[in-house]
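Enquirer: Here is a sequence together with a model predicted from it:
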Amino acid sequence: MVVAVLACAACGSGDGQGGRNRVLRVPGSYATIKAAVDAARPGDLVLISPGVYHESVDVGGNHGRIVLRGLDRNRVVLDGQNRLGNGIAIHADGVAVENLTVRRYAVNGVVWSPAGAADTRRALQGWRGSYITAYNNGLYGVYAFGAQHGRFDHVYASGQPDSGVYVGDCDPCHARVVDSMAEHNHVGYEATNASGDVSVTNNVWRNNRVGVAIDSLRKEPGFPQRGSELSHNQVVDNNDRAAPRGTEGFGAGIVVNGGRSNVVADNLVTGHSEVGIVVLDSPDSTATNNTVRANRLDANAVDLALQTEAEKSQGNCFAANQAARGSVRSVPPRLQALTRDACGSSVAVGGERLRLAPAPPQVDYKTVPPPPAQPSMPAAATAPARPATGTPERETTG
Amino acid sequence: MSGRAFVAAGAVVLAALAGCGGQDRQPQPQTGAAGKPATDAQVLMLARVLQSDFEHGGSQFTAAFQIDGQPALASGRVDFRSGRGNAVVRPANPDQGAEREFFWTRKKVLAQAAPGSRRYNPEAPDAQGNPVHAMVKFINLLSAETIDNTANITAAGPRLMGRTTIAGAPVEQFRYGNGITLWIHTGSGLLRRIHTSRVNGGITVDLLTHEPVKIELPAEARR
């Protein structure tokens, strides 16, 4: 009998599934999440019971195509106690993380990134983060870096001194960010050097210092950025003085910072103390050929702004954006009239610059209040494991 | 207008250091380099090192760099939180000239009008053309409000080059990308020395203390 029990523990299942697509229960069969991950094989589900887990989980390359799932999004909590580095760090293809909370890690809540130096690695293939709550982590809430074919859905992120949700360094990314919310971060959603088939739709980015930042920066891999779409998002009141800060930036809804050929369309952008939507040059890159169209604008100090070199539009165009009250306020003035028919060509727009107020002082991210309970994933106890293989960016949301 | 006015692009601080000599690009990993790849724990320590400088407030420092191809030395203090600093700069060879004092903020550098003078002339920042300004810029980059980005650090291929001592204190030496070497105090994780070959032929900064520093600026700073 003792031998049988030990054998069962060693196989890690205890669920009678014959070693295929096993369910590895934490802490039922494994005392820690890390122990279950180390035992997992492709197709397995690591199913985590409610509790607070003080561990940093590293998913190495030998444990691809697995799913880590909490039974209860709000009661399965990985807590770094402001001491541990990352909550879950994934360096394997096809790993999905679902239905849990990560808080108080020194760096990131959950991060997908390839292992090793840039010259020795390939992009991670397949990633998904669903129904994750990430708060009060020291850098990013959820983060996909150097990874292709993936999605964030139903993520909630708050209290990060940098970005709540971040996609970076991929080309083509084949990435989706949908049905998610970030508030009380420095930036709600950020994408640096994320190029090609990036779609960010139907999210709420509110009450951050900055709502959305699409960056093109030479000092990170994958420069220059191009080709993402931001549509049907609610970008609201991103002037939260109680949000922590990374560096500068305050009171802006959507910022295209040196990016190229991005589309910002059909968003609601309201309540920003500096600017609703701004396209500008980054320190490294002239913003070119971006399209800003059919956004609904309200209560922004300035609704639209273009801040590029040489007083020219550089192929950027602004069209059919509408103010809920009165006319669209832009810097330079008449931006839509000047550029609406000039997508891809450069016309003179004038050189008026936005005047920005100083950013409010720092707020300790550790003191941002915890978020309210968030909706759990349906049927977490019984839904089959669905690793992030194939084209997770094409999957419909649950 | 800098995009930094709008966005938090700060979490790549070591990358900025590696590129601060002008070519502001992602540091390239060294191929066939000496040393051992940094472990995850060491990457985390590297990510924390500039944040630790900020949290401690400031430093007394020395800097060795070049002016017109000749070695020069600076000794001074920096308040990482306010971005203010003060240093006396002197040629290593006294025959090359007398020492001069500088103050700085994040927006300007104040140069002593003449050796011994009590007047200071504001100068527009010129990190590309003025070696003292380049030194100032480098020192001001040695702190960060947030932790650095471990994924970006890993991508740059940091390596542990060895262990040694500086002034009797044990340090670990790391090479980051192809431009930066850091010596980090064993145990505390505090930055003790940093060298880059990419600023005006090379600059080495020693942080002698990690403590709150207050810099009183000369009157010219208020103009």
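Expert: That came through, no problem.

Enquirer: Measure how buried A:P378 is and give me the count.
Expert: Applying other Cβ atoms under 10 Å in any protein chain shown, we find 10 residues neighbouring A:P378. C-beta coordinates here come from the backbone N, C-alpha and C atoms, glycine included.

Enquirer: and the longest helix anywhere in chain B, how far out from the chain's middle?
Expert: When chain B is parsed with DSSP state H, its longest helix is helix B:40-56. Mean-position distance between helix B:40-56 and its chain equals 14 Å (Cα atoms, centre = their mean, to the nearest Å).

Enquirer: same thing with stretch B:34-45?
Expert: 21 Å.

Enquirer: In the stretch 51-200 of chain A, which residue sits nearest chain B?
Expert: Proximity of the stretch 51-200 of chain A to chain B (Cβ to the nearest Cβ) peaks at A:A117, 3.0 Å away.

Enquirer: my read: that residue touches B:A155, true?
Expert: Yes - using Cβ atoms under 8 Å, A:A117 is in contact with B:A155, at 6.3 Å.

Enquirer: can you map out the strands along chain B?
Expert: Applying DSSP state E to chain B gives strands spanning B:36-37, B:58-67, B:70-79, B:84-91, B:100-104, B:109-112, B:120-123, B:159-166, B:169-176, B:180-185, B:191-196, B:203-207.

Enquirer: quick one on the thing from earlier: what's the separation between the residue of the stretch 51-200 of chain A closest to chain B and B:P131?
Expert: 32 Å (Cβ to Cβ, to the nearest Å).

Enquirer: What of B:P71?
Expert: In terms of Cβ to Cβ, B:P71 sits 11 Å off from B:P131.

Enquirer: what is in contact with these two at once?
Expert: B:F65 (Cβ atoms under 8 Å, 6 or more residues apart in numbering or on different chains).

Enquirer: what about the two, which has more around it?
Expert: Neighbour count, other Cβ under 10 Å: between B:P71 and B:P131, B:P131 has more, with 21 against 14.

Enquirer: ok, and the closest non-adjacent residue to the residue nearest the centre of chain B?
Expert: Residue closest to the average C-alpha location in chain B (Cα atoms, centre = their mean): B:I139, at 3.1 Å. Nearest non-adjacent residue to B:I139, counting by Cβ to Cβ, 6 or more residues apart in numbering or on different chains: B:V78, 5.5 Å away.

Enquirer: picking up where we left off before, tabulate the strands of chain B (CSV), appending mean pLDDT and distance to A:V95.
Expert: CSV is the format used below for the strands of chain B (pLDDT from 0 to 100; distance: least, Cβ to Cβ, whole Å):
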stretch, mean pLDDT, distance to A:V95
strand B:36-37, 94, 23
strand B:58-67, 96, 42
strand B:70-79, 96, 43
strand B:84-91, 96, 46
strand B:100-104, 96, 47
strand B:109-112, 95, 49
strand B:120-123, 93, 53
strand B:159-166, 96, 28
strand B:169-176, 95, 28
strand B:180-185, 95, 32
strand B:191-196, 95, 34
strand B:203-207, 97, 40
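
Enquirer: Of those, which is nearest A:V264?
Expert: strand B:169-176 (35.5 Å; Cβ to Cβ).

Enquirer: Buried residues, the closest one. List them.
Expert: Under the neighbour-count criterion of 16 or more other Cβ atoms under 10 Å in any protein chain shown, strand B:169-176 has B:V171, B:E172, B:Q173, B:F174, B:R175, B:Y176 buried.

Enquirer: Tell me if I'm right that the fifth one and B:K36 touch.
Expert: What it means is B:R175. No - if you go by Cβ under 8 Å, B:R175 and B:K36 don't touch, sitting 10.6 Å apart.

Enquirer: who touches both of these two?
Expert: Shared contacts of B:R175 and B:K36, counting by Cβ under 8 Å, 6+ apart, come down to B:R159.

Enquirer: got the contact list for residue 77?
Expert: By default, I'm working from chain A. If you count contacts by Cβ under 8 Å, 6+ apart, A:V77 has them with A:G51, A:V52, A:Y53, A:L100, A:T101, A:V102, A:R103.

Enquirer: please go with chain B instead
Expert: B:G58, B:S59, B:Q60, B:F61, B:G85, B:N86, B:A87, B:V213, B:I215.

Enquirer: From chain A, how far out is it?
Expert: B:R77 sits 22 Å away from chain A, going by Cβ to the nearest Cβ, to the nearest Å.

Enquirer: what about the closest residue to B:D53 other than its chain neighbours, how many residues close to it?
Expert: Once flanking residues are discounted, B:D53 sits nearest to B:S143: 4.0 Å by Cβ to Cβ, 6+ apart. By other Cβ under 10 Å, 24 other residues sit near B:S143.

Enquirer: before we move on, what about B:S82?
Expert: Neighbours of B:S82 using other Cβ under 10 Å come to 15.

Enquirer: likewise A:V23?
Expert: The burial count for A:V23: 22, using other Cβ under 10 Å.

Enquirer: so it sits right up against A:L45, yeah?
Expert: Yes - here A:V23 lies in contact with A:L45, judged by Cβ under 8 Å, at a distance of 5.0 Å.
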